[in-house]
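Asks: Predicted structure and sequence below. I'll ask about it afterward.
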Amino acid sequence: MPPAYDLIIERGGSIVVETIEACDEDAAWRAGLMLHIEALMAVVCRDEHDPESTRA
């Protein structure tokens, strides 16, 4: 099962977190941008075995 990533999104002045599965961090960013191009703020990896895999 691919790791889970949280997409941090701004919607109407509120912060919303949407969880997706992606094969790697770059794929998570690509998916997040395709879904929320104007609102995506960050992508955070939820995989406990790879804590370095976060980028904002």
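Replies: That came through fine. Residues are numbered from 1 along each chain as shown.
Asks: Output the lowest mean pLDDT helix or strand found in this protein.
Replies: Least confident helix or strand of the chain, by mean pLDDT, DSSP states H and E, is strand 54-55 with a mean of 53.
Asks: Buried residues in the helix or strand hosting A31, which are they?
Replies: Following DSSP states H and E, one finds A31 within helix 25-36. Within helix 25-36, the residues that count as buried by 16 or more other CB atoms under 10 Å are E25, A28, W29, A31, G32, H36. Backbone N, C-alpha and C define where each C-beta goes, glycine included.
Asks: what does it rub up against?
Replies: Y5, L7, I9, E18, I20, A22, L40, V43, C45, S53, R55 (CB atoms under 8 Å, 6 or more residues apart in numbering).
Asks: quick one: what helix or strand has the first one in it?
Replies: Element membership of Y5 [criterion: DSSP H and E] is strand 4-11.
Asks: Among the buried residues of helix 25-36, find me the one that's closest to G13.
Replies: Set against G13, the nearest of the buried residues of helix 25-36 by CB to CB is H36 (14.9 Å).
Asks: Please consider this matter closed, and thank you.
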